[in-house]
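**Student:** Requesting a structural model of the entry that follows:
(chains A, B and C)
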Amino acid sequence: MRIGYPCINRSVGCSGNHTFRLASYSEDRLVETVGRNLACLERMLRYNVEHGLLFFRITSDLVPFASHPVCRLRWQDHFGPALRRLGRFVKRHRMRISMHPDQFTLVNSPDRSILRRSISELLYHCDVLDAMELTGRAKIQIHVGGAYGDKPRSMSRFVRRYRRLEPRLLRRLVVENDDRIYTAEDCLGLSRQCGIPVLFDVLHHEVNPGGDAIASLLGRCAATWRRRDGLPMVDYSSQEPGARRGKHAETLDIRMFRKFLRDSRPHDFDIMLEIKDKEASALRALAAATDDWRLK
DNA sequence: GGCAGTCAAGTACGC
DNA sequence: GCGTACTTGACTGCC
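**Tutor:** Sure thing, here's the model as predicted:
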């Protein structure tokens, strides 16, 4: 078990999420922004190693507009040495990396142009991880997509489209249950058809439940990950008290987390804490898991 | 310097 | 068919 957090670190004093408006796009602006983002990514990774947080999600904003037609720069080449160096750092410290394209990436959209843009976006994410020379254990997590008024048909479309993706995408993609449409049980059904590993999201499951209890689902999701995929990944958050259902907590409820650790045994996985205060909660989670045999 | 409105991209839903 | 909520941090223009 590794413990981590997504994209942003509030302690290191820099942001790796710099972007800009499409209207102000220029190659100089892109190079300058990506340079700043990579410099901050390195600081966050160093912080993580120093603090024992060995799981990290890299922001999709690392290279703004990378999949947009406006971007003509071969950023993979331009920043190749820097990305390789970061990849070596990750491997040296046995860290785990993931990425999570945003809601506009829809493999199962009936609209071919949305599919085309989604594949470009997936390839961008893949390019980042490939340029870092990370193995297939570095994952890109996506949701199934929309229901489009016919959920079974939209699930079949996902399977069909998924099977046609190129191998370098297939080795990285995993599917995650969402908080409104596709449950963990739905994702397991997709996995049976096309073999995609299932990433279990604890809060999404609580908001949009389906099938078994958490412990059983963790085991069934874990069984969809092959040796070459690495340890299963799990997204963990809890509900912010008094807020809209499904809203991520501002800070980790340590009692609930301890209960989750107990209930999830004996399954082992890497856990991403999707909590607003980021590394602060991740550190508390790490402390809470100190005595857990699963912790790396 | 601070603030409010806006931002590439989509879906779902209410009217 | 149109407008809006969803979700979120950063950018941008305006004061």
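**Student:** Tell me how far A:Glu185 lies from A:Gly195.
**Tutor:** A:Glu185 is 17 Å from A:Gly195, where distance means Cβ to Cβ, to the nearest Å. C-beta: built from backbone N, CA, C; applies to glycine.
**Student:** So if I had to pick from these two, which one is more boxed in?
**Tutor:** A:Glu185 (16 against 13; other Cβ atoms under 10 Å).
**Student:** the strands in the stretch 1-150 of chain A, which residues?
**Tutor:** Listed in chain order, the strands found in the stretch 1-150 of chain A under DSSP state E, counting those that start in this stretch are A:3-6, A:55-58, A:96-99, A:139-142.
**Student:** So for the first one, mean pLDDT?
**Tutor:** When pLDDT is averaged over strand A:3-6, the result is 96.
**Student:** Which strands border that strand, and is each parallel or antiparallel?
**Tutor:** Pairing partners of strand A:3-6, with direction, according to DSSP bridges: strand A:55-58 (parallel), strand A:270-273 (parallel).
**Student:** picking up where we left off before, how about JSON lines for the strands of the stretch 1-150 of chain A, with distance to A:Pro152 and mean neighbour count added?
**Tutor:** Formatted as JSON lines, those follow (distance: least, Cβ to Cβ, whole Å; neighbours: other Cβ atoms under 10 Å):
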{"stretch": "strand A:3-6", "distance to A:Pro152": "32", "mean neighbour count": "24"}
{"stretch": "strand A:55-58", "distance to A:Pro152": "31", "mean neighbour count": "24"}
{"stretch": "strand A:96-99", "distance to A:Pro152": "29", "mean neighbour count": "23"}
{"stretch": "strand A:139-142", "distance to A:Pro152": "19", "mean neighbour count": "25"}
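**Student:** among those, which is nearest A:Ala82?
**Tutor:** Nearest to A:Ala82 among these is strand A:55-58 (13.2 Å), distances taken as Cβ to Cβ.
**Student:** what residue ranges in chain A are flagged as low confidence?
**Tutor:** Judged against pLDDT under 70, chain A has no low-scoring part.
**Student:** I'd like to know which residues of it are adjacent to DNA strand C.
**Tutor:** By Cβ under 7 Å from any atom of the strand, the residues of chain A that approach DNA strand C are A:8, A:15, A:17-21, A:23-24, A:179, A:244, A:246-248, A:276.
**Student:** filter the residues you listed by proximity to DNA strand B?
**Tutor:** Checking those against DNA strand B (Cβ under 7 Å from any atom of the strand), the matches are A:Arg21, A:Ala23.
**Student:** tell me, how many neighbours does the residue of the stretch 51-200 of chain A found nearest DNA strand B end up with?
**Tutor:** Here the residue of the stretch 51-200 of chain A nearest DNA strand B is A:Gly146; by Cβ to the nearest atom of the strand that distance is 2.9 Å. Residues lying near A:Gly146 (other Cβ under 10 Å) number 18.
**Student:** Thanks again, I'm all set now.
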